[in-house]
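Colleague: please find the sequence and the predicted model below.
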Amino acid sequence: MKLAYAPADLAFRDAVRDFLATHATSWPKRSESMRPGPDQIAWQKLLISKGYAARTVPEVYGGYGAAPDLIKSRIIAEAFAEAGAPGGLQNQGVSMLVPTLLELGTEAQKRRYIPPTLTGELVWCQGYSEPGAGSDLAALTCRGEDVGDHFRINGQKIWTSSAHVADMMFCLVRTEAEAPKHAGISYLIFSMQTPGIEVRPLKTMTGQAEFNEVFFTDVMVPKDQIVGERGQGWFVANATLKHERGMLGDPNAAAARLRAITAILQRETVDGESLINNPLYLDRLMRLQARVLAMEANGLRLLTAAQKGEPAGLSNLIVKLMGCELNHQLAGLAIDALGELGVLYHGGPHEVDHGIWQHRYMFDLGLIIGGGTAQIQKNIIAERGLNLPREPKLAKPDAVAR
Amino acid sequence: MKLAYAPADLAFRDAVRDFLATHATSWPKRSESMRPGPDQIAWQKLLISKGYAARTVPEVYGGYGAAPDLIKSRIIAEAFAEAGAPGGLQNQGVSMLVPTLLELGTEAQKRRYIPPTLTGELVWCQGYSEPGAGSDLAALTCRGEDVGDHFRINGQKIWTSSAHVADMMFCLVRTEAEAPKHAGISYLIFSMQTPGIEVRPLKTMTGQAEFNEVFFTDVMVPKDQIVGERGQGWFVANATLKHERGMLGDPNAAAARLRAITAILQRETVDGESLINNPLYLDRLMRLQARVLAMEANGLRLLTAAQKGEPAGLSNLIVKLMGCELNHQLAGLAIDALGELGVLYHGGPHEVDHGIWQHRYMFDLGLIIGGGTAQIQKNIIAERGLNLPREPKLAKPDAVAR
Amino acid sequence: MDFGLDDDHRALQASLTRLLQRHAPLAQVQAVAAQDEPTDPVLIHALADQGLFALLVPTDCDGLGLGLLEAALAAEALGACAAPAPYLGPVLSGLALTLGGDAALKKRLLPAIATGSLLPGLAISEASSGARRNFGVTASGGRLTGTALAVVDFATANGFVVASRCGGLFWLESDASGLSCNRLTNIDRTRSLGELQCHDTPALALDHGDVGQTLRTVENAARVLVAADTLGAASTMLTRAVAYAQERRQFGREIGSFQAVKHLCAEMASELEAARALVWYAAHAQDTLPDQATLLACHAKAHLSEVGTFVARTATEVFGGIGITDALGLHLQFKRIGLNRQLFGAPERCRVDAARAQGLIGQRPPYPAQAQV
Amino acid sequence: MDFGLDDDHRALQASLTRLLQRHAPLAQVQAVAAQDEPTDPVLIHALADQGLFALLVPTDCDGLGLGLLEAALAAEALGACAAPAPYLGPVLSGLALTLGGDAALKKRLLPAIATGSLLPGLAISEASSGARRNFGVTASGGRLTGTALAVVDFATANGFVVASRCGGLFWLESDASGLSCNRLTNIDRTRSLGELQCHDTPALALDHGDVGQTLRTVENAARVLVAADTLGAASTMLTRAVAYAQERRQFGREIGSFQAVKHLCAEMASELEAARALVWYAAHAQDTLPDQATLLACHAKAHLSEVGTFVARTATEVFGGIGITDALGLHLQFKRIGLNRQLFGAPERCRVDAARAQGLIGQRPPYPAQAQV
């Protein structure tokens, strides 16, 4: 047990801090768009050149080419958070498609797609979920018919967050109609400019169109646009989903929210009394602080295990379930403490923090539900983490999906 | 909506109050034993003669013979609670066996068993659960072999609370080995003096032996000691279980506990400050008071529905689930508010209320688990109350039980 | 002894529900909620015709003279479909005027409320929820100064009942001098909030009778009615979640056959069923059990806030992803429950008030002098 | 940066677990718990031989000189099997003597604690949990008067470390004049509590160094160690519930294949896994991060109290009826968790202390004068 950094790590941290101070004028503005603008692309290229983004991606594919070093990664993340500096791009192309291609793509695919994806010039969206295939993703019915050297795609996707700005999609399509449920799927990548693709915005309860639906009508995709083997798409996608699950439930985000709520309680008053002196809100704040500290400690434990190449087991499986719930509860406390100020939204007078707490309260509920619901997460923890028996097979299995 | 009693009801209440005041010297002492003593039997006989116990049981079977009147029943219960007077016997014979016999017994069974059961002179225990058949009661394996005019019983029962003091048992036995799971069970009644019965006390976490295990070795029971038809025991028992479920989750008990906890908070101090001024305990008390009031209102609603012969639906199905949980939480608050005084138990100095709060905290957890676990209750509410589909059948049904 | 709804109650529910099915079907509510100014004049007109705003107005002022149980049943029906219409403001302002206004004022205003031509907003936030920051109005010589936050049913308001920070009640004309009004957009796009900024603004004191008791009665009624609104909204969410669980298939079976989904639904139903009895009880108590009126109003508000929050979240979980989109419109009830939770005293405050109402702790101290700007 | 246990830690855990498997198997613990005076001299002797009581004693007093993380790992192992042996009393009394005793006292007492021949009880309830009723001792001229409640590890105690109601710390010989001792039976039959009644009883002040800091350090350590004990007890309950769910069959299948049971287990495991990291972190911080020591100790105690209560109840539910009998002995851990929750500050109090430790609210006011009998 050693919670301090080694001297070499401290030196590295100083270098990152220096870099951020020196380049503070180059920090791009935070953008509402899901497509990086020119200043963000320039910043991303600078970060890659310093090894503060795409750090472990080989140089030949446009990365920095360093050996994996979790401590350095953590120091980078901490230094950026501490300075309030915008970090490297975290879009679905960088976080999900690049690792998948690195693991399973052909050499040609890697060389063609990874470099512009890393710089932010090539934007991707994810085509996995369908209206009839949510938690039961393998029931997807979007169909890719074999027509010689192409697949002809018909069907629909949903929850494709950046579809309206994306250049390309990575997509799960049922190409083998006769194969068993999990074995008939292929992982295809194609341009969003391909004829027959229609994107419709999908408004959520937050009032914003954070997602889209995508409709395919006779979309023709060349067969070499497949990643992995035909019919192996389910397994390719699971490799990718693994990366997505790791992105959610970050304890640093929860800690930052806790600080912000503490500031609200110290600042706001009711009947002339500071909210921090209300024992009930203080108690809730402290309950959540204990959870934030526990998830921070769990994160340190995970980092150590990863560093040593040891299996992380349960402490990894719980991160999303616990982290998303914690974030939702933090937002709930902020709203409750703010009372009637807490329900103001949509930009009118007196709105606190631009309505971010209501937005988070709803959006985090979406995260609890999406990307594998909390219910599915619990199944995974019970079956993989605790080795409890799987749901027994049914007497009359239905068709693959309806 | 009318929450006041009619004049005739008020007159009846006065009569009950007068009776209790007049006979206050005859109130039997509260007894630890599960077998009524002479003064309890005398009191019970007096209550029956006045119609304050066994009120609706026909006179020919030793009851008072009044027509059902839920308002009068409620007035009796309220007046006894108000006066702190011991009410009529509530043991398993009175509460479960008598209604079952009235509904499904032969005339001879009714005349022989109901009168002494009502007076408390004949004490019964219930033989339903087995170690391998708890929530899945129909999986019971206690076997009754057909040997001419008798069944020969072998097997084991568990959770038979008053077995060590009982004269008789009503018992579920598998008499039809070849019949389907639910259709092979018979409901037998027999003397606990029958050779081959062994009773062993079963200590629970409260430290007391509130239950027993009962072992049968070649116990011979005449075939006319069956209630209902052979193989129909499952349905006979369900009629009885219905009566048991109604006994649990009584909101009057919860209200009495709430008052007792309020008194503790007002009486006890920490660092010279009354506990009632601790905003966190007060908040918990108020949360629970809201639940008590809700269950009281729900009880009034049930009473009205029963009176009008209308189906009570969900409001009936939730009583046990909500009531037992509420009682458990009330005990938990008492313990927490008492702090280190709250953990004292087993009769030493400073023990508060004879350790009743710890006892209830554990015993109520047993009630949440027993008599159909909370999990099973939720299945019932979902399937019967909300019409959600039942668990689908499994691919390979196992044997009836293991 | 008869606890439950009678035929008149059921008729009231049925006629209001029919009206709402016609004038506030889901698609219509969604369309209104998407507008910049989310109110629906056609719906308001239809509700007024039905006598919704006349429910609590005494018969001698052209009202229906009904009780709070009837008003609560109406609130439940409005919450059930997230009706984009004023209700709390006019009904509760009418109650304040009935109790605190003099005969002339009542004759002038109450008939107009009964017909729906006068739809006052209600501004009692600082008295019932507590004064945030420096919000709140103070009264001096029949004139109000300061800002009232969270005025209910603001968008359609053509008059206001206002509570001062010290608990006085006032009638304020919407064209009074020195009054400026700002709309406060909130999460619930089916009801509107606003603020009143008063600068030496003339107002009529509603000081007929015991002012403290009038405010208490209005506050209690407000708490019961938002509890009923939450009950209706949460019941809709449960009903729709159950229907969805019966139909939606994943992994080759209805999701309602999965124990996890089944138990979520059972927990929601259990909480709501008990809560329903509490709301009826509390509503009925306002007119018949004066000793318990405050206690039950506080508990109904606090308990329904908690149960509503639980159901809003859990029903959304049963739906999965589609539950957070606008496609099914479930969020309308979700947000209605969210707004109700904060109105007229958050649950923590209502529980403290419940403890005070039974003498467990002392009364709330007067508003601190130093903050009375 | 290295967060986790090293080989020495694992060796400590393994050797202690082996010892406990031999000397405190379930049947043995059940037998001891059924006795009138539930302690096990053989087990205590074996633990002493292993150096359990020497863990925190400095090496120059014949101790092992280890840190609180090591002591917490030992507490976890003891909680895991509900070991009927003293631990908190001797170890924490030793810590108080180490920090607050003078050299002569330390040389006299600490080696005896290290060998297990001196097993002091710890009486800091009034300082750490708050003084109930008129309990608490006051000090005057080196003499104590009053009653100390909830003295930990009482049955085996042959000496006491006592905190006065005002936060002084004292060493009290068990044969001091004017001292009478009563055992207080409690739900946990594997650990004993008692009370000390002092009537002008002579005691030695442990006032070497900063007394306030000494008490704070002892209290923090106490909170971390009971948190670790609960962690161990709850982990055992989870492990056994999971094993039972894998084996027990109802309705023709393992109950662990039912989603309801599966999710209960997943929720327990999730809570415990995160809690485990918090306990390690808090224990380590006591020796290495002085600025965060109090904050983390308070949170570890409060959080493990809540998680422990949840697991104790939920694991029992997974077992069903058999879980509440003595047959499987699960209640041993259930009660251990129940006692831990109330010791050294209930969760509500620890959370207030956590808020104080980071300056969110002011320090606890001094004990009110009128109650200082």
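Modeller: Sure, I can see it. Numbering: from 1, shown residues only, chains lettered A, B, ... in the order given.
Colleague: buried stuff in stretch A:173-190?
Modeller: A:173-175, A:181-182, A:184-190 (16 or more other Cβ atoms under 10 Å in any protein chain shown). For glycine as for every other residue, the C-beta is placed from the backbone atoms N, C-alpha and C.
Colleague: do that stretch and chain C meet?
Modeller: No: judged by Cβ under 8 Å from any Cβ of the partner chain, stretch A:173-190 and chain C are separated, with a smallest distance of 9.2 Å.
Colleague: what about the strands in chain A?
Modeller: In chain A, the strands defined using DSSP state E lie at A:124-127, A:143-147, A:150-158, A:168-174, A:185-191, A:197-202, A:211-222, A:226-227, A:269-270, A:273-274.
Colleague: now do the fifth one: distance to the chain's middle.
Modeller: Distance of strand A:185-191 from the chain centroid (Cα atoms, centre = their mean, to the nearest Å) equals 20 Å.
Colleague: would you put the C-alpha positions of that strand in PDB?
Modeller: Only the C-alpha atoms of strand A:185-191 are listed here, as PDB (Å, rounded to 0.1, in the frame of the first residue of the first chain):
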ATOM      1  CA  ILE A 185     -24.200 -11.200 -37.000                       C
ATOM      2  CA  SER A 186     -21.400  -9.300 -38.800                       C
ATOM      3  CA  TYR A 187     -19.600  -6.100 -37.800                       C
ATOM      4  CA  LEU A 188     -19.600  -3.700 -40.700                       C
ATOM      5  CA  ILE A 189     -18.200  -0.200 -41.200                       C
ATOM      6  CA  PHE A 190     -19.500   2.100 -43.800                       C
ATOM      7  CA  SER A 191     -19.900   5.800 -44.800                       C
END
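Colleague: touching that strand from outside, list them.
Modeller: Strand A:185-191 is contacted from outside by A:97, A:100, A:109, A:113, A:138, A:140, A:144, A:151, A:153, A:167-176, A:219, A:221, A:225-228, A:230-234, A:236-237, using Cβ atoms under 8 Å, 6 or more residues apart in numbering or on different chains.
Colleague: where's the residue located most distally from the centre of chain C relative to residue C:321, distance?
Modeller: Taking Cα atoms, centre = their mean, the residue of chain C most remote from its mean C-alpha position is residue C:252, at 42.7 Å. To residue C:321, residue C:252 is 19 Å away according to Cβ to Cβ, to the nearest Å.
Colleague: repeat that for residue A:97.
Modeller: Distance of residue A:97 to residue C:321, given as Cβ to Cβ: 22 Å.
Colleague: looking at those two, which is more packed in?
Modeller: residue A:97 (27 against 22; other Cβ atoms under 10 Å in any protein chain shown).
Colleague: my read: the more buried one touches residue A:122, true?
Modeller: No: counting by Cβ atoms under 8 Å, residue A:97 does not reach residue A:122; the two are 9.3 Å apart.
Colleague: okay, and the common contacts of these two?
Modeller: Contact criterion Cβ under 8 Å, 6+ apart; residues shared by residue A:97 and residue A:122: residue A:113.
Colleague: grab the most central residue of chain C for me.
Modeller: What sits nearest the mean C-alpha location of chain C, by Cα atoms, centre = their mean, is residue C:226, with 3.5 Å.
Colleague: could you pull up phi and psi at that residue?
Modeller: Reported as degrees, to the nearest 10, the phi and psi values for residue C:226 are phi -70, psi -30.
Colleague: which ones are touching it?
Modeller: By Cβ under 8 Å, 6+ apart, residue C:226 lies in contact with C:75, C:88, C:301, C:304, C:340, C:343-344.
Colleague: same check, this time on residue C:184
Modeller: Neighbour list for residue C:184: A:344, A:348-350, C:149-150, C:154, C:193-195 [criterion: Cβ under 8 Å, 6+ apart].
Colleague: residues contacting whatever residue of the stretch 1-150 of chain C ends up closest to chain B?
Modeller: Nearest residue of the stretch 1-150 of chain C to chain B, counting by Cβ to the nearest Cβ: residue C:3, 3.7 Å away. Applying Cβ under 8 Å, 6+ apart, we find residue C:3 in contact with B:1, B:3, B:297, B:300-301, B:303-304, C:277, C:280-281.
Colleague: tell me, how many residues neighbour residue A:224?
Modeller: 10.
Colleague: what's the pLDDT at it?
Modeller: pLDDT for residue A:224: 93.
Colleague: how much space between it and residue B:225?
Modeller: 81 Å.
Colleague: let me know the pLDDT of residue C:144.
Modeller: 98.
Colleague: and the gap between the closest residue to residue A:152 other than its chain neighbours and residue D:292?
Modeller: Distances taken as Cβ to Cβ, 6 or more residues apart in numbering or on different chains place residue A:145 nearest to residue A:152, at 4.5 Å, with adjacent residues excluded. Residue A:145 is 62 Å from residue D:292, where distance means Cβ to Cβ.
Colleague: helix or strand with the lowest mean pLDDT in chain A?
Modeller: helix A:233-247 (a mean of 71; mean pLDDT, DSSP states H and E).
Colleague: just the helices in the stretch 1-150 of chain A please.
Modeller: A:7-22, A:38-50, A:70-83, A:92, A:98-104, A:107-119 (DSSP state H, counting those that start in this stretch).
Colleague: pull the contacting residues for the residue lying closest to residue A:155 once chain neighbours are set aside.
Modeller: Closest residue to residue A:155 apart from its sequence neighbours, by Cβ to Cβ, 6+ apart: residue A:142 at 3.0 Å. Counting by Cβ under 8 Å, 6+ apart, residue A:142 touches A:127, A:130, A:153-157, A:171-174, A:216.
Colleague: can you do 7 Å?
Modeller: Residues counted as contacts of residue A:142 (Cβ atoms under 7 Å, 6 or more residues apart in numbering or on different chains) are A:130, A:153, A:155-157, A:173-174, A:216.
Colleague: now flag whichever of those is closest to chain D.
Modeller: Using Cβ to the nearest Cβ, these come closest to chain D at residue A:130, 23.6 Å.
Colleague: now the helices for the stretch 101-250 of chain C?
Modeller: C:103-115, C:125-128, C:211-247.
Colleague: can you tell me which of those helices is packed in deepest?
Modeller: helix C:125-128 (a mean of 26; mean count of other Cβ atoms under 10 Å in any protein chain shown).
Colleague: residue A:254 is in contact with residue A:327, correct?
Modeller: Yes: applying Cβ atoms under 7 Å, one finds residue A:327 in contact with residue A:254, separated by 5.7 Å.
Colleague: name the residue in the two with the higher neighbour count.
Modeller: Set residue A:327 next to residue A:254 and count neighbours by other Cβ under 10 Å: residue A:327 wins out with 27 against 24.
Colleague: low-confidence stretches in the stretch 301-402 of chain A?
Modeller: Per-residue confidence of the stretch 301-402 of chain A (counting by pLDDT under 70) places the weak regions at A:370-372, A:394-402.
Colleague: please enumerate the helices of it.
Modeller: A:314-317, A:319-338, A:356-369, A:374-380.
Colleague: show me what the second one is packed against.
Modeller: If contacts are counted by 3 or more Cβ pairs under 7 Å, 6 or more residues apart in numbering or on different chains; DSSP states H and E, helix A:319-338 sits against helix A:251-267, helix A:279-308, helix A:356-369, helix A:374-380, helix D:259-288.
Colleague: ok, now with 6 Å
Modeller: On a contact count with 3 or more Cβ pairs under 6 Å, 6 or more residues apart in numbering or on different chains; DSSP states H and E, helix A:319-338 meets helix A:251-267, helix A:279-308, helix A:356-369, helix D:259-288.
Colleague: what do you get for the shortest one?
Modeller: The elements that helix A:314-317 packs onto, with contact taken as 3+ Cβ pairs under 6 Å, 6+ apart, are helix A:279-308, helix D:259-288.
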